[in-house]
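Undergrad: using only what follows, build the 3D model:
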Amino acid sequence: MRFQFVLAEVGHGLRRNLSMVVSVVLVTFVSLAFVGAAALLQMQVDKLKDKWYDLVEVSVFLCPTGSTMPTCAAGEATQDQIDEIESVIQGELGSEVSRSYFETKAEAFEAFQERYPDGYQGTQLTEDDMQASFRLKLTDPENFQVVSDVLSGREGVEVVEDQRAVFEPLFLALNRASLCAAGLAVVMLLAAVLLITTTIRLSAVSRQRETGIMRLVGASNLFVQLPFMLEGAIAAVVGSVLAVGGLWLGVRYLVTDWLEQSVDWVAYVGTADVLAVAPLLVGIAVLLAVVSSVVTLNRYTRV
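TA: All right, here's what the predicted structure looks like:
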């Protein structure tokens, strides 16, 4: 009987404040869509790092003819210098390097021709313009500095490059975009809290007569406040469900059906990731409603 009464009060309150309820749903939808987008964007960054960091290598470029580096003062790297560098890689850096490969000038020129069959920016290069190099696959890519410290400055080594540096600007841009989305989400969540609080307050004020009667018959604080709390929770949860649906459609049609078909060598977030984020969004919606309700109802409906 009491449960039926609470449900009736919830339905009555939702109908009476329909326009405000719709506003709460829309603001919650937009704010949680930003929260979900920020979470998915960060998941995308992590996927890209896991994929690309696993593929990148450390390139140890050996001295070519005419280099101005102090370690190349004697000219092009000799075979003795190459053998010494290789022994350091296999010995001192054996625990840091999982795989190493020596690329000769001829192999570098062959790879260059495959990539730039018409020359690089209109310039035709020859095999003598290439550099021999060691390509190192690290056990832990984060330990690049250890490898660089050991190999840099050795005779015959011109420069040690970490290919991860090529991707860092992209990851930095994605991380900043994720932070911007999170910042907008915080602003929108604050707006959602204020709107939910206003909706509950208006509903409580409009039903002061009913709550007064409930106080006279001995109703507890929880029983008086429960309908208002459920109204806010329902509106917020509906908004969160719409946010999950919007994110699912966006990922399904923009990422899976479009991006993956256009650029298929990148690991993308999928609809499964949206479903993984969904409980978080629903939980945030319920938390927003509960916090807003407690703050408001303690003032307007306390017995």
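Undergrad: so where do the helices sit in the stretch 151-300 of the chain?
TA: Taking DSSP state H, counting those that start in this stretch, the helices of the stretch 151-300 of the chain run over residues 164-206, 208-216, 221-250, 260-262, 271-300.
Undergrad: Ile85: how many residues sit nearby?
TA: 20 (other CB atoms under 10 Å). Bear in mind the C-beta positions are built from the backbone N, C-alpha and C, glycine included.
Undergrad: point out the most buried one among the helices of the stretch 151-300 of the chain.
TA: helix 221-250 (a mean of 21; mean count of other CB atoms under 10 Å).
Undergrad: relative to helix 271-300, how tilted is that one?
TA: When axes from the mean of the first three to the mean of the last three CA atoms, to 10 degrees is applied, the directions of helix 221-250 and helix 271-300 differ by 150 degrees.
Undergrad: same question for helix 221-250, mean pLDDT?
TA: Averaging pLDDT along helix 221-250 gives 81.
Undergrad: shaky segments in the stretch 151-300 of the chain?
TA: 166, 203-226, 264-265, 297-300 (pLDDT under 70).
Undergrad: let's see 50
TA: Within the stretch 151-300 of the chain, no stretch has pLDDT under 50.
Undergrad: ramachandran angles for the residue at minimal distance from the centre of the chain?
TA: Residue closest to the average C-alpha location in the chain (CA atoms, centre = their mean): Gln42, at 0.5 Å. For Gln42, the backbone dihedrals (degrees, to the nearest 10) come out as phi -70, psi -40.
Undergrad: looks like it contacts Cys180 (just checking).
TA: No: with contact defined as CB atoms under 8 Å, Gln42 does not count as touching Cys180 (12.0 Å).
Undergrad: on that earlier part again, using JSON lines, please lay out the helices of the stretch 151-300 of the chain together with distance to Asp140.
TA: Formatted as JSON lines, these follow (distance: least, CB to CB, whole Å):
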{"stretch": "helix 164-206", "distance to Asp140": "12"}
{"stretch": "helix 208-216", "distance to Asp140": "63"}
{"stretch": "helix 221-250", "distance to Asp140": "34"}
{"stretch": "helix 260-262", "distance to Asp140": "30"}
{"stretch": "helix 271-300", "distance to Asp140": "26"}
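Undergrad: out of those helices, which comes closest to Glu142?
TA: Closest to Glu142 of the helices of the stretch 151-300 of the chain, according to CB to CB: helix 164-206, at 9.2 Å.
Undergrad: picking that back up, of all the helices of the stretch 151-300 of the chain, which lies closest to Ser100?
TA: Closest among those, once you apply CB to CB, is helix 164-206, at 17.4 Å.
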